[in-house]
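J.: Have a look; sequence and predicted model below, questions after that.
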Amino acid sequence: IRKHLEQQYGAKALYENGLSVTTTLDVKLQEAANRAVEAGLRSYDKRHGWRRPARNVIAERHVIDTFRDDRWNRPIKAGDVVPAVVVTAPKTGPARLRLGRFTADLGREGYTWTRRTSAADLFKPGDLIDVRVIKVDDAGGAASVGLEQTPLAEAALVAIDNRSGQIRAMVGGWSFGRSKFNRAVQAYRQLGSTFKPIVYTTAIDRGFTPASILIDAPVAYPTGDGQIYSPQNYDYKYEGPITLRHALEESRNIPAIKMMADLEPGAVLNYAKRFGFGENFPPYLSIALGAGDATLLEITSAYTVFP
């Protein structure tokens, strides 16, 4: 939004004229979207294992007891993910951490996801790590925490009101501070099987019905360079005569390819334009299986057509 406004009105007007800007974003939905993307990325990242800390305050010539992180200047409450400095990391028993004015003991239950058996296998004194605060004892200056780490992967989310087409929430990545690239509107990715409903929408408009019978059987098509295109189902099996509804529900590849061939690729691609896809997809049968590229906003907007 800021970039659009700056291009439209100029930086001086944007930052000095006191503009009032109204958007379709819903604050509560946006907050929920932010939490969902963060939770999903953290879960994904943990499944790929623990990475050793990148910073050690002792190596940076700080003293553990006097080191301070800027985040500690703000309130620390349950649910927050904050940096903590490792005070001790024994081979047996919990690790002792310091996060601002709080101390915390990180037991094995707090780092089970790492599949390590001791704190000494994870970090050493002076390492700066991330922890999620579970409980805070203000009076005692103690906290209960679980081990976290900043994900390397990225993600995007778009939520659109089907009735109005308004964008209610959008997340373009892990954080704007780490990357200003908005993956919701700037990243092109292969559509995969999300394109199949476009194929079958074209078919329904051409007289097919959910009960129409399609043949799920091996097929081969000659290509322009003298080779043969022989698509497969994801399970490498064939079900024979099936209904259009079943082909769509089970995301069968062969019926989708055959349908695109019967309808002619150009007809399906014209429908893709009507759905709002900006890319000029080539008229290849593999487009039926999602070989084309689109942004997350484009595919989400296209799906608002369906009730």
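T.: Yep, that arrived. Keep in mind that this is a model prediction, so the values were computed, not measured. Numbering: from 1, shown residues only.
J.: any weak-confidence spans in the protein?
T.: The chain contains no residues with pLDDT under 70.
J.: what's the longest strand in it?
T.: strand 128-137 (DSSP state E).
J.: Check what contacts it and list those residues.
T.: Applying C-beta atoms under 8 Å, 6 or more residues apart in numbering, the contact partners of strand 128-137 are 53, 55-57, 69, 76-86, 97, 99, 102, 104, 106, 110, 123, 142-150. From N, CA and C alone the C-beta is placed, and that goes for glycine too.
J.: Buried ones among these?
T.: Buried subset of the contacts of strand 128-137 (neighbour count, 16 or more other C-beta atoms under 10 Å): 53, 56-57, 69, 76, 80-86, 97, 99, 102, 104, 106, 110, 123, 143-149.
J.: Could you tell me how far the residue positioned nearest the centre of the chain is located from residue 81?
T.: By C-alpha atoms, centre = their mean, the chain has its centre lying nearest to residue 155, at 2.7 Å. Per C-beta to C-beta, to the nearest Å, residue 155 is found 17 Å from residue 81.
J.: Now do the helices in the protein.
T.: 2-9, 11-16, 27-47, 196-205, 244-249, 253-263, 265-274, 296-303 (DSSP state H).
J.: Is it possible to get JSON lines of those helices that adds distance to residue 162 and mean neighbour count?
T.: What follows is the helices of the chain, written out as JSON lines (distance: least, C-beta to C-beta, whole Å; neighbours: other C-beta atoms under 10 Å):
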{"stretch": "helix 2-9", "distance to residue 162": "24", "mean neighbour count": "11"}
{"stretch": "helix 11-16", "distance to residue 162": "32", "mean neighbour count": "12"}
{"stretch": "helix 27-47", "distance to residue 162": "14", "mean neighbour count": "14"}
{"stretch": "helix 196-205", "distance to residue 162": "14", "mean neighbour count": "20"}
{"stretch": "helix 244-249", "distance to residue 162": "19", "mean neighbour count": "18"}
{"stretch": "helix 253-263", "distance to residue 162": "24", "mean neighbour count": "22"}
{"stretch": "helix 265-274", "distance to residue 162": "17", "mean neighbour count": "17"}
{"stretch": "helix 296-303", "distance to residue 162": "8", "mean neighbour count": "19"}
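J.: And the strands in the stretch 151-300 of the chain?
T.: Secondary structure of the stretch 151-300 of the chain, counting by DSSP state E, counting those that start in this stretch: strands at 157-160, 167-171, 189-190, 213-216, 221-222, 228-229, 240-243, 293-294.
J.: so what secondary structure elements neighbour the fifth one?
T.: For strand 221-222, the packing partners by 3 or more C-beta pairs under 8 Å, 6 or more residues apart in numbering; DSSP states H and E come out as strand 228-229.
J.: And the first one, by the same measure?
T.: Under the contact definition 3+ C-beta pairs under 8 Å, 6+ apart, strand 157-160 sits against helix 27-47, strand 167-171, helix 296-303.
J.: The first one versus strand 128-137: what angle between them?
T.: Using axes from the mean of the first three to the mean of the last three C-alpha atoms, to 10 degrees, one finds that helix 27-47 and strand 128-137 are set 120 degrees apart in direction.
J.: Ok, the second one next?
T.: Orientation check (the same axes, to 10 degrees): strand 167-171 against strand 128-137 gives 120 degrees.
J.: Partner strands of strand 167-171 and their direction?
T.: strand 157-160 (antiparallel) (DSSP bridges).
J.: who touches the strand it pairs with?
T.: Around strand 157-160, the neighbours that count as contacts under C-beta under 8 Å, 6+ apart are 29, 33, 36-37, 166-171, 184, 296-297, 300-301, 304.
J.: now stretch 224-244
T.: 200, 203, 208-223, 246, 250-255, 257, 285-286, 289.
J.: how about that stretch: buried residues?
T.: Neighbour-count burial for stretch 224-244 [16+ other C-beta under 10 Å]: 231, 233, 239, 242, 244.
J.: Relative to residue 56, how far out is the second one?
T.: Translated: residue 233. 52 Å.
J.: List the contacts of residue 152.
T.: Residue 152 makes contact with residue 45, according to C-beta under 8 Å, 6+ apart.
J.: Am I right that residue 301 is in contact with residue 165?
T.: Yes. Using C-beta atoms under 8 Å, residue 301 makes contact with residue 165 at a distance of 7.1 Å.
J.: Filter the contacts of strand 128-137 down to the ones in strands?
T.: Those of the contacts of strand 128-137 lying in strands (DSSP E): 81-86, 97, 99, 102, 104, 106, 142-148.
J.: Turn the strands of the stretch 151-300 of the chain into CSV, columns for distance to residue 49.
T.: Below are these laid out as CSV (distance: least, C-beta to C-beta, whole Å):
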stretch, distance to residue 49
strand 157-160, 25
strand 167-171, 25
strand 189-190, 25
strand 213-216, 40
strand 221-222, 43
strand 228-229, 39
strand 240-243, 41
strand 293-294, 31
